[in-house]
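>>> pasting the sequence and the predicted model now:
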Protein chains: 2
Amino acid sequence: MIQVCSVVNRQEQKQKTRRAIIDAAFSLLDEQRSLSSISLREVAREAGIAPTSFYRHFADIDELGLTLVDEAGLALRQLMRQARQRIAKGGSAIVTSVDTFMEFILANSNVFRLLLREHTGTSLAFRAAVQREIQHFIIELTDYTIATTKLPHEYANLQAEAMVKMVFSAGAEALDGNVQQQRQLAERVKIQLRFIANGALFTARKAGQAN
Amino acid sequence: MIQVCSVVNRQEQKQKTRRAIIDAAFSLLDEQRSLSSISLREVAREAGIAPTSFYRHFADIDELGLTLVDEAGLALRQLMRQARQRIAKGGSAIVTSVDTFMEFILANSNVFRLLLREHTGTSLAFRAAVQREIQHFIIELTDYTIATTKLPHEYANLQAEAMVKMVFSAGAEALDGNVQQQRQLAERVKIQLRFIANGALFTARKAGQAN
DNA sequence: TAAATTAGCGAACACTTGTAAGCTGAAATT
DNA sequence: AATTTCAGCTTACAAGTGTTCGCTAATTTA
């Protein structure tokens, strides 16, 4: 029989602690810590539990790591939804997307840093997990590109991939810069995205003529 | 008085040990180790010296790290020289550059991995050092672009930056792929570089007409 | 030849780390 | 009401860390 209501629900409390662990880990991932460099004991300390209690929630610290990557990926997809809503309200897709992205990574720098760092990190599993999230991003942008520009799938995909990589690269640089440098980076990457958009269109047309 | 010839020159021997330390560190930087995760004792063990002897050559492990980044950057610039020589012998600049780059990073994966990893790593000093090396790369490519395409400096620089970022990004992905995936990545990035080249040309022309 | 320098070593220090074992008390089940 | 479950704790241990100290032996200098 399931006890629906009690003074303190056990499952609920466990979820709370789990959340505390995850939040503690994110808070530790500042500009000088990576997943591989934070220790179980440190996370436990920050979460306010005994080191050994950690094991009641995760098999090891790698399992926590994958959870963090998943959460970060989720945040990324929400970001994309937000960008699309803004684009629908009018304005350039490129300008709106870049501005939305930049706002996000500066407001959630630890989340973005996690993805960035583990993308080139020491764990193959983490690298693969981040790569998957980026691929989601690229696929969504590919679909959007096909819908709005009628570019053939192959070109739309190449364009989307190039754009995502450029934006991520600019984002990485922005994390270490001051506000002025960040603004400049945003403007530069917008122009570079136009290069790519124009170039893809031009190349696709030329290929179309050849047939 | 300087003793020019002796059975074993002391300075020479010291340089040899220093080299052994550097080589040991590079050999430890495989796909699952980063600068921040290799320990002084580990490097010493690999180099065949006592942990405490390390201090006779470097103040701390960070100083070793910066030396490694410098060496890696040097290798990168030599790579670029090699690419230019090949381009001069004929063939597309994009195709030749990408092929040369891909050959290099697969043959010297630990060197490239170091740059890649520390570019987004936990040490601000390392990140800055890598960023400087990449900037060198971009500046050289900008100059080359101006010389060969007569693009205005601003556009040439934006184009060069975009290209370098794309190639580095593809290189990072290549490190985790098999031979077939690496070939595919190379082909894709070549097309994407054409997007950028064509797009920059188109955008620059349009801006020129507007004036 | 005598003195000074120094690359390298071993021992020892005060940490931090992951994780195993076993206990406790409260919630959930019967 | 009696029993089971289990989140969280304390204690403990072996292994690894960076770094200090003082020594040795050989090269370099005077």
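Arrived safely.
>>> contacts and neighbour counts: CA atoms only from here.
OK.
>>> list the contacts for A:Leu68?
In this structure, A:Leu68 makes contact with A:Ile22, A:Phe26, judged by Cα atoms under 8 Å, 6 or more residues apart in numbering or on different chains.
>>> what distance do you get for it to chain B?
Using Cα to the nearest Cα, to the nearest Å, A:Leu68 is found at 18 Å from chain B.
>>> need the next SSE after the strand or helix carrying that residue, C-terminal direction.
Taking DSSP states H and E as the definition, A:Leu68 sits inside helix A:61-88. From helix A:61-88 onward toward the C-terminus, using DSSP H and E, the following helix or strand is helix A:93-107.
>>> what residues sit buried inside that next one?
A:Ile94, A:Val95, A:Thr96, A:Ser97, A:Val98, A:Asp99, A:Thr100, A:Phe101, A:Met102, A:Phe104, A:Ile105, A:Leu106 (16 or more other Cα atoms under 10 Å in any protein chain shown).
>>> ok, so of the residues you listed, who is nearest A:Gln82?
A:Thr100 (7.8 Å; Cα to Cα).
>>> and for that closest one, nearest residue in space, chain neighbours not counted?
Among residues not flanking A:Thr100 along the chain, A:Ala83 sits closest, at 5.9 Å (Cα to Cα, 6 or more residues apart in numbering or on different chains).
>>> how about that neighbour, what does it touch?
A:Thr96, A:Ser97, A:Thr100, A:Phe101.
>>> need the max-distance pair from the buried residues of helix A:93-107.
Taking Cα to Cα, no two of the buried residues of helix A:93-107 sit farther apart than A:Ile94 and A:Leu106, at 18.3 Å.
>>> any idea how far the most centrally placed residue in chain A lies from B:Ala59?
The residue lying closest to the centre of chain A (Cα atoms, centre = their mean) is A:Leu76, at 4.1 Å. Here the criterion is Cα to Cα, to the nearest Å. By it, A:Leu76 lies 41 Å from B:Ala59.
>>> correct me if wrong: A:Leu116 contacts B:Thr120.
Yes. Taking contacts as Cα atoms under 8 Å, A:Leu116 lies within contact range of B:Thr120: 6.8 Å.
>>> who has more neighbours, these two?
B:Thr120 (28 against 21; other Cα atoms under 10 Å in any protein chain shown).
>>> would you check how far apart the more buried one and DNA strand D are?
21 Å (Cα to the nearest atom of the strand, to the nearest Å).
>>> who does the helix of greatest length in chain A touch, helix- and strand-wise?
Under DSSP state H, the helix in chain A containing the largest number of residues is helix A:179-210. Using 3 or more Cα pairs under 8 Å, 6 or more residues apart in numbering or on different chains; DSSP states H and E, the elements in contact with helix A:179-210 are helix A:93-107, helix A:153-175, helix B:153-175, helix B:179-210.
>>> return the distance of A:Glu118 relative to DNA strand C.
17 Å.
>>> and that residue, how many neighbours does it have?
A:Glu118 has 26 neighbours, counted by other Cα under 10 Å.
>>> which one is A:Leu66 nearest to, not counting chain neighbours?
A:Leu66's closest residue in space is A:Phe126 (Cα to Cα, 6+ apart), at 6.6 Å.
>>> isn't A:Ser169 up against B:Lys165?
Yes. A:Ser169 is in contact with B:Lys165 according to Cα under 8 Å; the separation is 6.9 Å.
>>> closest to DNA strand C out of the helices and strands packed on helix A:179-210?
helix A:153-175 (25.6 Å; Cα to the nearest atom of the strand).
>>> what residues of the closest one count as buried?
Here helix A:153-175 shows A:155-175 as buried, counting by 16+ other Cα under 10 Å.
>>> quick one: contacts for A:Ala128?
Per Cα under 8 Å, 6+ apart, neighbours of A:Ala128: A:His119.
>>> scratch that, A:His57 is what I was asking about
A:Arg18.
>>> is stretch A:13-30 positioned near DNA strand D?
Yes. Taking Cα under 7 Å from any atom of the strand as the criterion, stretch A:13-30 and DNA strand D are in contact, through A:Gln13, A:Lys14, A:Thr17, A:Arg18.
>>> for chain A, which residues are neighbours of chain B?
Contacts of chain A with chain B, taken as Cα under 8 Å from any Cα of the partner chain, map to A:31-34, A:36-37, A:116-117, A:120-124, A:158-159, A:162, A:165-166, A:169, A:172, A:188, A:191-192, A:194-200, A:202-203.
>>> and the pLDDT at A:Gly208?
In the predicted model, A:Gly208 carries a pLDDT score of 76.
>>> what's around A:Arg205, how many residues?
When neighbours are counted by other Cα under 10 Å, A:Arg205 comes out with 12.
>>> please determine how far it is located from A:Ile146.
15 Å.
>>> repeat that for A:Ala75.
Counting by Cα to Cα - A:Ala75 and A:Ile146 are separated by 24 Å.
>>> what do you get for A:Gln32?
In this view, A:Gln32 and A:Ile146 are 40 Å apart by Cα to Cα.
>>> the more surrounded of the two?
Set A:Gln32 next to A:Ile146 and count neighbours by other Cα under 10 Å: A:Ile146 wins out with 17 against 11.
>>> which residues touch the nearest residue to that one once chain neighbours are set aside?
Leaving out its chain neighbours, the residue that sits closest to A:Ile146 by Cα to Cα, 6+ apart is A:Ala156, at 6.1 Å. A:Ala156 makes contact with A:Thr142, A:Asp143, A:Thr145, A:Ile146, A:Ala200, according to Cα under 8 Å, 6+ apart.
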